[in-house]
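> sequence and predicted structure are below.
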Amino acid sequence: MKKISIIAFVMLLFVNVSNAQLRFGIKAGTNISSLSSASSVIDEVKGATNYQVGIVLQAKTQGFAFQPEILYSVKAGQFNNSTVSGILSGSDTKYQSQNLEIPLNLQFGIGAGPARIFIQGGPYVSFLTGALVNGSVKEYKDVKNNINTFNYGVGAGVGAELLNLQLTVKYDWGLSKLGQEDLLNGNGQNINPFNELKDRNLSIALAFLF
């Protein structure tokens, strides 16, 4: 009976997807990102603004839509801690990461003519393409080798569509730690603060669907 139920569910899902309205689109928006830490290593964490651009695919049927995306997403955070001086001279440090991000959004909405309002949520995976820190001395240092190449998380948000335009506001919670390995200062102490950091990001984006 259990196998029959699973087969029936898969068949129903296939029918819904095959009957779905498919649309492609381009997307761009603003990232208001920050870094979260439960450790006292980071005394103060502040947000920073960056951007995201990419492409989307929307499969919509009845009140539901599945919208996977491929985004180039730049995130950042600022923190003030003297232990960062082992990574970069100066204590006022800004972290910036460039990521290839793939959100898998499931939407549920209510339509009225050419307009639609929806809520959305789902997981995402992220692949690091670059990472830099910038200290008060205005020098940059590549820290990609000290950051995890693969990260993941979940997001939730709201949105509205009017004809070919889609506006979304979404918040992402990174679930994996950014740090990959410890760095050592001159005293042989572990000082990599990225081991305790996770991404947090609020995005406001506009997409045009064809």
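Received, thanks. No experiment lies behind these values; they were computed from the predicted model shown.

> which parts of the one helix or strand residue 26 maps to are buried?
Mapping residue 26 onto the secondary structure by DSSP states H and E places it in strand 21-37. By neighbour count, with 16 or more other CB atoms under 10 Å as the criterion, the buried positions of strand 21-37 are 23, 25, 27, 29, 31, 32, 33, 34, 35, 37. C-beta: built from backbone N, CA, C; applies to glycine.

> show me what that strand packs onto, helices and strands only.
Other elements packing on strand 21-37 under the criterion 3 or more CB pairs under 8 Å, 6 or more residues apart in numbering; DSSP states H and E are strand 45-46, strand 48-61, strand 64-80, strand 165-174, strand 197-209.

> flag every buried residue along stretch 201-210.
Neighbour-count burial for stretch 201-210, with 16+ other CB under 10 Å as criterion, is recorded at 201, 202, 203, 205, 207, 209.

> paired strands for the strand holding residue 26, with orientation please.
When pairing is defined by DSSP bridges, strand 21-37 lines up against strand 48-61 (antiparallel), strand 197-209 (antiparallel).

> and it, average pLDDT?
The predicted model gives strand 21-37 an average pLDDT of 91.

> run through the protein and note the low-pLDDT ranges.
1-18, 37-45, 79-92, 135-146, 180-193 (pLDDT under 70).

> one more time with 50
Counting by pLDDT under 50, the chain shows low-confidence ranges at 2-15, 82-83, 85, 88-89, 136-140, 184.

> can you pull the contacts of residue 115?
With contacts defined as CB atoms under 8 Å, 6 or more residues apart in numbering, residue 115 is in contact with 160, 161, 162.

> looking at those, spot the one nearest residue 54.
When the contacts of residue 115 are compared for distance to residue 54 (CB to CB), residue 161 wins out at 17.5 Å.

> re earlier: tabulate the strands paired with strand 21-37 in a markdown table, adding columns for distance to residue 75.
Formatted as a markdown table, those follow (distance: least, CB to CB, whole Å):
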| stretch | distance to residue 75 |
| --- | --- |
| strand 48-61 | 6 |
| strand 197-209 | 6 |
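
> out of these, which comes closest to residue 126?
For these, distance to residue 126 was read as CB to CB. The smallest value, 7.9 Å, belongs to strand 197-209.

> and the angle from that closest one to strand 64-80?
140 degrees (axes from the mean of the first three to the mean of the last three CA atoms, to 10 degrees).

> ok so, going back, columns distance to residue 133 on top of the helices and strands packed on strand 21-37, output as a markdown table?
Supplementary listing: those in a markdown table, determined by distance: least, CB to CB, whole Å:
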| stretch | distance to residue 133 |
| --- | --- |
| strand 45-46 | 14 |
| strand 48-61 | 12 |
| strand 64-80 | 10 |
| strand 165-174 | 18 |
| strand 197-209 | 12 |
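
> and these: which comes nearest residue 152?
Checked against CB to CB, the stretch from those lying closest is strand 165-174, at 7.7 Å.
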